[in-house]
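Trainee: Would you be able to build a 3D model of this:
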Amino acid sequence: MENILLILNIVLAIILVILILFQKSEGGALGIGVSQDNFMFSRSAGNFLTKATAVVATLFIICSIALTIISRQDIIPTTSVIDKDIESTEDVPKIPDNN
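Mentor: Next comes the predicted model:
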């Protein structure tokens, strides 16, 4: 199950990057940014890309959270570093008082 979610997360990340790069640049230096004459990047295509990006981003976040929850179950609980330090000082021999 964890491997399937991991592959799905990678695929969603790649799709998310592609969708973001296809969006029209709004004056920034980043992005592909083509002219307004191109019919492919009209207002309706922009709305579709915006909605698709939001959906894919939501799926990516849900998949990431699910992957975290699943992988969290495999972690074995351990004691704290402070508890280990206290235990190790009890094993050290004590110095005699009449020195």
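Trainee: now Lys24, what's its secondary structure?
Mentor: With DSSP: H, G, I helix; E, B strand; the rest coil as the basis, Lys24 sits in coil.
Trainee: how many other residues sit next to it?
Mentor: Lys24 has 18 neighbouring residues, counting by other C-beta atoms under 10 Å. C-beta here means a position set from N, CA and C on the backbone, and glycine is covered the same way.
Trainee: Repeat that for Ile65.
Mentor: For Ile65, the count of nearby residues is 10 (other C-beta under 10 Å).
Trainee: what's the helix or strand harbouring Val11 packed up against?
Mentor: Assigned by DSSP states H and E, Val11 belongs to helix 2-22. For helix 2-22, the packing partners by 3 or more C-beta pairs under 8 Å, 6 or more residues apart in numbering; DSSP states H and E come out as helix 43-72.
Trainee: Give me the helices and strands touching the helix it packs on, please.
Mentor: helix 2-22.
Trainee: Which positions within the helix it packs on qualify as buried?
Mentor: Residues 5, 9, 12, 15-16, 19, 22 are the ones in helix 2-22 that count as buried (16 or more other C-beta atoms under 10 Å).
Trainee: from those, which two are the most distant?
Mentor: Across the buried residues of helix 2-22, the longest distance by C-beta to C-beta is 25.7 Å; it joins Leu5 and Phe22.
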